[in-house]
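>>> What shape does this take:
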Amino acid sequence: MPHRYFTRELANGQAALTGSDAHHLANVMRGRVGDEVVLCGPDGLEYTGTVTAILPGRVEFAVSEGAPSKAEPNVEVTLFVGYPKQGKLEEIIRHSVELGVSCIVPFFSRYCVAAPKKEDAKNERYNRIAAEAAKQAGRAILPRVDLPLEHFAALCSALKDYDKVLFFYEGGGASLRELLHPGCAGRIALVTGSEGGFSPEEAAALQAAGALTVGLGPRILRCETAPLAALTAAMLLTGNLE
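Numbers count the residues shown, from 1 in each chain. Sure, this is the predicted structure:
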């Protein structure tokens, strides 16, 4: 299977890789002129790229006509996840990208165990993890990991841009099967909590912001399990895990 790379330098039948990806192809994979790879551009399409030149720090390609990727879901899902402690967020990022998430937005809430610390540096690592997972899973887009929302009001404000917002609450709520089905929405937000869950005031604020309260069954899930279960259910019910 050809190696997969993401690039923003793709136009008019030409493309290029620079930086670490160019180094990987030229030096690690020992690429040669004439080799073929899969290139994914900002448009979310897949292209076959044929190496035309290998230069210091740069590899150039001629590319085929782009084609839609079978790996991309037909719905854009953003995970808003309560910031967990230790390395749990990395696990959530890696597996949610494999499952088809478009964006991951951590947030801090009243009962978060973790506290903001060196978030700019950590965000760079989180996006590298997302990129590697996207390559491994055969994705055609690079899912984005945003800097965490440090105020709960910012979370509530961010939800206004979605067609459907599902708030997963330990108290339960509406049935997912009643809310999700193929074609029900173009952009969906899923909100799950940290180890400490949500305060009653936070739950009320989310509901006031238009979030629909739902549950994930009779068992209490860990904070790193809940977002993956929610995302899997959303993909299945919207027809993206058939």
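
>>> So for the longest strand seen in the chain, what gets flagged as buried?
What stands out as the longest strand in the chain, according to DSSP state E, is strand 45-55. Neighbour counts using 16 or more other Cβ atoms under 10 Å place L45, E46, Y47, T48, G49, T50, V51, I54 of strand 45-55 among the buried residues. Just so you know, the C-beta spots here come from the backbone N, C-alpha and C atoms, and that holds for glycine as well.

>>> what pairs with the third one across the strands?
Applying DSSP bridges to Y47 gives these bridge partners: L39.

>>> and it, what is it in contact with?
Applying Cβ atoms under 8 Å, 6 or more residues apart in numbering to Y47 gives the contacts L10, A15, V38, L39, C40, G41, V63, S64, E65, G66, A67.

>>> Name whatever forms a beta bridge with the second one.
I take that to be A15. Beta-bridge partners recorded for A15 (DSSP bridges): L10, F61.

>>> May I have the lengthiest helix in the chain as CSV, with CA atoms only?
In the chain, with assignment by DSSP state H, the single longest helix is helix 119-137. Once non-C-alpha atoms are left out, helix 119-137 reads as follows in CSV (Å, rounded to 0.1, in the frame of the first residue of the first chain):
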residue,chain,number,x,y,z
GLU,A,119,-1.0,23.9,26.8
ASP,A,120,0.7,25.4,23.7
ALA,A,121,3.5,22.8,23.8
LYS,A,122,1.0,20.0,24.6
ASN,A,123,-1.2,21.0,21.8
GLU,A,124,1.6,20.6,19.3
ARG,A,125,2.1,17.0,20.5
TYR,A,126,-1.7,16.4,20.4
ASN,A,127,-1.9,17.4,16.8
ARG,A,128,1.1,15.3,15.9
ILE,A,129,-0.7,12.3,17.5
ALA,A,130,-3.8,13.2,15.4
ALA,A,131,-1.8,13.4,12.2
GLU,A,132,-0.1,10.0,12.8
ALA,A,133,-3.5,8.4,13.6
ALA,A,134,-5.0,9.9,10.4
LYS,A,135,-2.2,8.4,8.3
GLN,A,136,-2.6,5.0,10.0
ALA,A,137,-6.4,5.0,9.5
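
>>> What's the first helix or strand after that helix?
Scanning forward in sequence from helix 119-137 by DSSP states H and E, the next helix or strand is strand 144-145.

>>> Just to be sure, N27 is in a helix?
Yes. Per DSSP: H, G, I helix; E, B strand; the rest coil, N27 lies within a helix segment.

>>> So it versus G57, what's the distance?
Remark: distance between N27 and G57 (Cβ to Cβ, to the nearest Å) = 11 Å.
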